[in-house]
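Trainee: my questions concern the predicted model and sequence given below.
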Amino acid sequence: MAELIRMPKMSDTMTEGVIAEWHKKVGDTVKSGDVLAEVETDKATMDLEAYDEGTLLYIGVEKGQAVPIDGVIAVIGQQGEDFQALLNGNTGGSAEVKPTTAPPADGPAPAAADTTQVNTAMRDAEVVSAAPAANAGNATVIRMPKMSDTMTEGTIVAWHKKEGDTVKSGDVLAEVETDKATMDLEAYEEGTLLYVGVKEGEAVAVDAVIAVVGEKGANFKVLLDGGAGGNGSAAPAPASASAPGAANETAGNATAEQNPQADAPANAATDLSYAGGNENGHEANGRLKASPLAKAIADQKGIDLKQVQGTGPEGRIVKADVESFSPQTAPQAKPAAPTQPPAPAQPAPATPAPQPAQAAPGIPPVQPAPVTTGDYEDVPLTQMRKTIARRLSESLFTAPHFYLTMEITMDKAMALRGQVNAVAPAKISFNDFVIKAAALALKQHPNVNASWLGDKIRKYNYVNIGVAVAVDEGLLVPVVRNADQKTLSTIAGEVKEMAGKAKEKKLQPKDWEGSTFSISNLGMFGIDQFTAIINPPDACILAVGAIKQSVVFEGETPKPVNIMKVTLSCDHRVVDGATGAAFLQTFKGFLEDPMKMLV
């Protein structure tokens, strides 16, 4: 069936998005994971991916137009499918949308005129905010928002409201731990907190149901049934078509079908409001229901999703199902287990089984020799560690890295640092010199200050330096914006402030988004030289080692010098060897004659 695609909430402060570019046109075939469009938000330009497969039937927003959160931007379905009824069936708010291309022979012209008013209240899989996800009369579902561009799930650290509490717009419902920081989840709706579906400490996929807010006494279980029932609610749908709330129930069902990342509520096993789902994520039409992330992981591991038991709504296969799957469990998930005759398997354990039972009284039974192993501790992965593992693995195995190493004489930089610190309002470190030198060098080498975007290379006219900061749980990369235009003391102050916020987990998305080049410095730990993995979407990262005393010869006379080694990791899709080498030559020139950075 045709499904609406809406403008997702791509950051916690985003209120609308601008379609920067369409990557598909009406009539094109769309697969799960395909990039439909580029969306410019208040933080960055990001890719809008498709969660559903089919044909792009309708585009409601032209390139360059702004769309509010949850506004209808497109429709995906089967070739020739009539989607006008879906547009007409939306209620609860409207936004004027002008189709860029009229679908062929979908209906008479008068009907098309009526469909320019499109609902913007119903949510789908693309929408990732704490705004209402579906409307059940006087109750709305709250879903896990996407609080950063790399977030795939969040952990509820603490609930600030409990069931029965009054909620006002702007109230903090809960604290959510993402892969970058712990952030507040604010309410967009007013009413009573009717239902909490996730316990503290549990991880929730982006767009999964976490709570329901509405009027006290509202029958929110009908809303949850509509969100989980899927095809199971198709039978009573005609009977309720004439009811005033029919459109809302239909919207709830459509929303559930468009949420491939949604997982079951935490109390699904005991709460009767959760209707369960189809076995193994199969719909009646043979379509395999699995989230894009689950499909990607299964593809990497070579797992046949037909053998995986889904635990999400409608039996949808989610990330946890694939990660916990083992081939031994496949026969249990399939009803065709009788093909394995149990007779041969029973005699084998039957022969050794009586032996332990025959031990004489008072004599301990013979135990098998234990496997010699040492003590160990299994540490659950934090959201930050999961994201580091995923993003850096993707970077290392998809971006062809090559490395360029250079030695830099730091004698003049060391002398200048002492003079600058005597008058600077903030203490200047060698890392601040490195940031400033890299920023100025990038302005002279724009081919290095770039990103790989799949079908194009983007060169930036500004220089934002990401500075790797080590924290207890992993690594964060706050950004010094327009670093080429800032003084050494300003850079030093910003880096110190953001490093403190990173260690306290108080960084916000605006603090880590938008880098064009990254620097990782392990020199303070005594590391002479190392190679770093590129931080996507940057094309390069500079690994900085310690300053070590060495000896050079001027003629036959030995002379002590202070040497620092740096290694530039480059994405060969963007930067060639000569390009990276030229950048390092310029970078070296600034550090070996640092006075040029101050004039």
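Mentor: The structure has been received and is ready for your questions.

Trainee: where does pLDDT dip in the stretch 101-250 of the chain?
Mentor: The stretch 101-250 of the chain contains residues with pLDDT under 70 at 101-137, 149, 225-250.

Trainee: show me where it has helices.
Mentor: Assigned by DSSP state H, counting those that start in this stretch, the helices in the stretch 101-250 of the chain fall at 109-114, 220-229, 246-257.

Trainee: for Ile69, see how far away Glu190 is.
Mentor: In this view, Glu190 and Ile69 are 18 Å apart by C-beta to C-beta, to the nearest Å. Any C-beta I mention is one placed from the backbone N, CA and C, and that applies to glycine too.

Trainee: ugh, wrong one, I meant Val420
Mentor: Distance from Val420 to Ile69, by C-beta to C-beta: 47 Å.

Trainee: and if you look at Thr41?
Mentor: 10 Å.

Trainee: next: Ala468.
Mentor: In terms of C-beta to C-beta, Ala468 sits 32 Å off from Ile69.

Trainee: does the nearest residue to Lys161 once chain neighbours are set aside have any beta-bridge partners, and if so which?
Mentor: Computed as C-beta to C-beta, 6 or more residues apart in numbering, the closest residue to Lys161 that is not its neighbour in sequence is Leu193, at 4.9 Å. Beta-bridge pairing of Leu193 under DSSP bridges involves Val213.

Trainee: list the contacts for Leu193?
Mentor: Lys161, Lys162, Glu163, Gly164, Asp165, Thr166, Val167, Leu173, Ala211, Val212, Val213 (C-beta atoms under 8 Å, 6 or more residues apart in numbering).

Trainee: run a quick neighbour tally on the last one.
Mentor: Going back to what we said before, that points to Val213. 28 (other C-beta atoms under 10 Å).

Trainee: that one against Leu194, yeah?
Mentor: Yes. Contact criterion C-beta atoms under 8 Å: Val213 and Leu194 qualify, at 6.6 Å.

Trainee: list the residues that contact both of these two?
Mentor: Joint contacts of Val213 and Leu194 (C-beta under 8 Å, 6+ apart) are Ala139.

Trainee: lowest-confidence helix or strand of the chain?
Mentor: Lowest by mean pLDDT, DSSP states H and E among the helices and strands of the chain is strand 117-118, with a mean of 36.

Trainee: what about Gly580, helix or strand, and which?
Mentor: helix 577-592 (DSSP states H and E).

Trainee: roughly how far is that helix from the heart of the chain?
Mentor: Relative to its parent chain, helix 577-592 has a centroid offset of 34 Å by C-alpha atoms, centre = their mean, to the nearest Å.

Trainee: next, the buried residues of stretch 45-61.
Mentor: 45-52, 54-61 (16 or more other C-beta atoms under 10 Å).

Trainee: right, I mislabeled it, should have said stretch 503-511
Mentor: Lys505, Leu507, Gln508, Pro509, Lys510, Asp511.

Trainee: ok, back up a step: quickly list what's touching both of Thr41 and Ile69.
Mentor: Met14, Gly17.

Trainee: who has more neighbours, Glu190 and Ile69?
Mentor: Between Glu190 and Ile69, counting by other C-beta under 10 Å, Ile69 is the more crowded of the two (20 against 14).

Trainee: residues near the nearest residue to the more buried one once chain neighbours are set aside, how many?
Mentor: Computed as C-beta to C-beta, 6+ apart, the closest residue to Ile69 that is not its neighbour in sequence is Lys9, at 5.0 Å. Using other C-beta under 10 Å, Lys9 has 25 other residues around it.

Trainee: please apply the same query to Ala296.
Mentor: 16.

Trainee: contact partners for it?
Mentor: Ala296 is in contact with Gly33, counting by C-beta under 8 Å, 6+ apart.

Trainee: my read is it is in a helix, agree?
Mentor: Yes. Assessed by DSSP: H, G, I helix; E, B strand; the rest coil, Ala296 belongs to a helix.

Trainee: and the gap between it and Leu56?
Mentor: Using C-beta to C-beta, one obtains 22 Å as the distance from Ala296 to Leu56.

Trainee: hang on, the earlier thing: buried stuff in the helix holding Gly580?
Mentor: Residues Thr579, Gly580, Ala582, Phe583, Leu584, Thr586, Phe587, Lys588, Gly589, Phe590, Leu591 are the ones in helix 577-592 that count as buried (16+ other C-beta under 10 Å).

Trainee: per-residue confidence, the first one, what does it come out as?
Mentor: pLDDT, Thr579: 96.

Trainee: for the last one, same thing?
Mentor: The model reports Leu591 with a pLDDT of 96.

Trainee: my guess is it contacts Val434, does it?
Mentor: Yes. Counting by C-beta under 8 Å, Leu591 touches Val434, with 7.3 Å between them.

Trainee: helix, strand or coil for Thr405?
Mentor: Thr405 - assigned by three-state DSSP - is strand.

Trainee: tell me the buried residues in stretch 8-19?
Mentor: Pro8, Lys9, Met10, Ser11, Asp12, Met14, Glu16, Gly17, Val18, Ile19.

Trainee: quick one: which of the residues you listed is nearest to Met147?
Mentor: Asp12 (5.3 Å; C-beta to C-beta).

Trainee: how near is Leu381 to Pro68?
Mentor: If you go by C-beta to C-beta, the gap between Leu381 and Pro68 works out to 36 Å.

Trainee: run the chain-centre distance for the helix or strand containing Ile491.
Mentor: For Ile491, the enclosing helix or strand under DSSP H and E is helix 488-503. Its chain's C-alpha centre and that of helix 488-503 lie 26 Å apart, by C-alpha atoms, centre = their mean.

Trainee: which elements pack onto that helix?
Mentor: The helices and strands touching helix 488-503, judged by 3 or more C-beta pairs under 8 Å, 6 or more residues apart in numbering; DSSP states H and E, are helix 430-444, strand 465-467, strand 469-471, strand 479-480.

Trainee: who wins for proximity to Ser32 among these?
Mentor: Of the helices and strands packed on helix 488-503, nearest to Ser32 by C-beta to C-beta is strand 465-467, at 30.5 Å.

Trainee: how does the protein divide into domains?
Mentor: Domain assignment for the chain by automatic domain parsing gives 3-118, 132-229+258-276, 292-332, 383-598.

Trainee: most packed of those?
Mentor: Of the domains of the chain, the one with the most neighbours on average (mean count of other C-beta atoms under 10 Å) is domain 132-229+258-276, at a mean of 21.

Trainee: what stretches of the stretch 451-599 of the chain score poorly on pLDDT?
Mentor: In the stretch 451-599 of the chain, no residues with pLDDT under 70.
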